[in-house]
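> got a predicted structure plus its sequence, pasted below:
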Amino acid sequence: MINISAEQGLRGTPVEIGVAASVSQLPIVRGLAETLVLLSDFTLDEVADIRLAVDEAASTLIALAAPDTTLQCLFTVGESDLIVRVSGIAAAAGLPDQRSFGWHVLRTLSDEVTATQEPFDPAISGYPTAVEFRRVRGKA
């Protein structure tokens with residue numbers, strides 16, 4: 001058995017979780033995000049910001065989600081940053097409202113944020129949609 005510290009094991013290795021696209025699953029997503037950033041040299045203030053940003057990204061996609069779909073959350077811890085990609089299947093065409101208060105919060109708490117949507121996919125009866133953001137560690 002090889003023993004690698006949590007910090008060494010997290011850098012560059014994506015961590016992914018899939019949960020039902022439901023508000024009841026938000027605590028699971030927030031908890032994973034919080035644990036990852038706590039183990040990755042982010043300050044307590046950064047941990048709180050990232051947790052809130054993850055919550056906003058996931059909440060945004062849950063509001064757009066087609067019934068009985070899954071939310072995928074991918075976390076990648078780099079040497080100096082964290083990249084979070086939250087994706088799901090939207091019931092209707094259209095990106096998240098980038099003029100909303102939630103989007104403003106997400107922009108404020110991250111260094112970069114983007115939203116993308118692919119055309120309707122009949123195999124999954126919806127529009128693959130994602131929100132991705134990046135947060136730099138140690139940035140004032």
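Structure received.

> quick check: the closest residue to residue 139 other than its chain neighbours vs residue 38, distance?
Closest residue to residue 139 apart from its sequence neighbours, by C-beta to C-beta, 6 or more residues apart in numbering: residue 111 at 6.9 Å. No exception for glycine: its C-beta is placed from N, CA and C like everyone else's. Per C-beta to C-beta, to the nearest Å, residue 111 is found 19 Å from residue 38.

> same check on residue 47?
6 Å.

> can you pull the pLDDT of the closest residue to residue 23 other than its chain neighbours?
Excluding the flanking residues, the one nearest residue 23 by C-beta to C-beta, 6+ apart is residue 62, at 6.0 Å. Looking at residue 62, its pLDDT reads 97.

> shaky segments in this structure?
Residues of the chain meeting the criterion pLDDT under 70: 1-11, 140.

> show me where it has helices.
For the chain, applying DSSP state H gives helices covering 6-10, 26-38, 44-64, 101-109.

> between the second one and helix 44-64, how many degrees?
Going by axes from the mean of the first three to the mean of the last three C-alpha atoms, to 10 degrees, helix 26-38 is angled at 150 degrees with respect to helix 44-64.
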